[in-house]
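Trainee: Attaching a predicted model along with its sequence, questions to come.
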Amino acid sequence: MTNRFSLLTAAALAAISSAGCFNPYAGLFDPAAMQAQQQQVMADAQAQNDAQILAQLEESRAAVKASPGDMNAARLLAQRVGACFVLGIVDRKKLDGEAALAEVDAALEEATKKNPDQKAEALASKGILFIHAKRNADAMTTLEASMAARPTVFACVPLLKELDDAGRSGEVVGHCKKARPAARDDEERFALLDSCLQHSHGAPAEKGLAWAGQADVDFYNQKTNEIVQQKAAYRAEQEAHSAQMRADFDASRARADQERAARAGGASSGGGGSTYSLRLHNSCSRTVKLFFGDNPKFGSGTRTSLGSNTTSSYSGGGPKTVWIVDDRDQGISSFVASGSQSMQITSSCSGFSTY
């Protein structure tokens, strides 16, 4: 098993986390109740996630015991112990963190004895585990030992941050030069170049990556532009989604106001608008999904369907909003049924007209 340090993946996750989602319904309900409900949902999700990770940890422990000296099993154990530190499970579940570190160390030592050619990878896994456990001095020493055994991008990228944080950014480029030939693909190549540029504080790329050559500088600038464009496209998509949600909600409120006004008008005139009787024909060439109610996506109501070239009658307390909806319950078109009406679903399958 080969662990890959993916800066591209990390950048994408960070972009998603920072973008966030607009909630147009915030503040419409009891804030304290909503907060309590949200906290309970988060607590339940955390407990479920903790249980899953601890189960995976036990699987790795069993695998190491079953196959002592297996490098893949030892490194996976290191990864899963690291996850327990990063996610706070060690503290929440009161695990013996030092005992877990010692367990991983013993597994990696045994695996290195049987696989001396993978010493660099074993040390890199151990160094990254030390980072997760906030033992940064040990992490730096171990990652430097990994680079000394054999330079790899997997060890170099986290080492560069440790060096920078320790005020030793002057050593960054030297390690970068050693690790550059070890990059096996464009993903590792970009991860290394980006980390080198960041932790050597040598921007712009033409200056900070001059040691790597013009081809690497051009490659880095191209990939950086692609990431910027991807982030911009994602933000635009999220903003469009939020705008659609706001528009749907505003339309829903407008229809609700219309229905209330119609009910009030019906009551004042003797009740003519307090019920509806609808004869609806489907002129569309396929069966159409319908929703009777305020909002098909977020509200309560009645869901039904109407076959092609079929007529059906509906009645009840009115006025009532009638929707054509898609397979995801998104509203396509609607009208407010009030009194006695005959309507049809048009041949386009996406609208209503009189019949």
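Mentor: Sure, I can see it.
Trainee: List the residues that contact Ala124.
Mentor: By Cβ atoms under 8 Å, 6 or more residues apart in numbering, the contact list for Ala124 reads Asn3, Leu143, Ser146, Thr152, Phe154, Ala155. (Glycine included, C-beta is placed from N, CA and C.)
Trainee: Just to be sure, it is in a helix?
Mentor: Yes - checked against DSSP: H, G, I helix; E, B strand; the rest coil, Ala124 lies within a helix.
Trainee: And for Thr287, nearest residue in space, chain neighbours not counted?
Mentor: Gly307 (4.8 Å; Cβ to Cβ, 6 or more residues apart in numbering).
Trainee: Need the pLDDT of the one you found.
Mentor: In the prediction, the pLDDT value recorded for Gly307 is 93.
Trainee: I'd say it and Cys284 touch.
Mentor: No - counting by Cβ atoms under 8 Å, Gly307 does not reach Cys284; the two are 9.4 Å apart.
Trainee: So between the two, which is more surrounded?
Mentor: Shown here are Gly307 and Cys284; by other Cβ atoms under 10 Å, Cys284 has more neighbours (21 against 12).
Trainee: Which element, helix or strand, includes the more buried one?
Mentor: Assigned by DSSP states H and E, Cys284 belongs to neither a helix nor a strand.
Trainee: ok, it - contacts?
Mentor: Ser308, Ile345, Thr346, Ser347, Ser348, Cys349.
Trainee: Can you report phi and psi for the second one?
Mentor: In other words, Ile345. Here is the backbone geometry of Ile345 (degrees, to the nearest 10): phi -80, psi 130.
Trainee: what touches both of Gly307 and Cys284?
Mentor: Common contacts of Gly307 and Cys284 (Cβ under 8 Å, 6+ apart): none found.
Trainee: For Glu259, report the pLDDT, please.
Mentor: 66.
Trainee: For the remainder of this discussion, apply numbering that starts at 7.
Mentor: All right, first residue 7 from here; so that's Glu265.
Trainee: mind checking how far the nearest residue to Pro157 once chain neighbours are set aside is from Ala128?
Mentor: Closest residue to Pro157 apart from its sequence neighbours, by Cβ to Cβ, 6+ apart: Lys184 at 4.1 Å. Noted for Lys184: a distance of 18 Å to Ala128, by Cβ to Cβ, to the nearest Å.
Trainee: now the strands for the stretch 157-306 of the chain?
Mentor: Using DSSP state E, counting those that start in this stretch, the strands of the stretch 157-306 of the chain run over residues 281-288, 294-299.
Trainee: what about the stretch 107-256 of the chain, any weak spots by pLDDT?
Mentor: When residues are selected by pLDDT under 70, none of them lie in the stretch 107-256 of the chain.
Trainee: isn't Asp76 right up against Ser66?
Mentor: No - Asp76 is beyond contact range of Ser66, at 10.6 Å (criterion: Cβ under 8 Å).
Trainee: quick one, the helix ranked longest in the chain and strand 281-288 angle?
Mentor: Assignment by DSSP state H gives helix 220-274 as the longest helix of the chain. Going by axes from the mean of the first three to the mean of the last three Cα atoms, to 10 degrees, helix 220-274 is angled at 130 degrees with respect to strand 281-288.
Trainee: packing partners for helix 220-274?
Mentor: helix 13-25, helix 192-206, helix 211-214, strand 326-331, strand 337-343 (3 or more Cβ pairs under 8 Å, 6 or more residues apart in numbering; DSSP states H and E).
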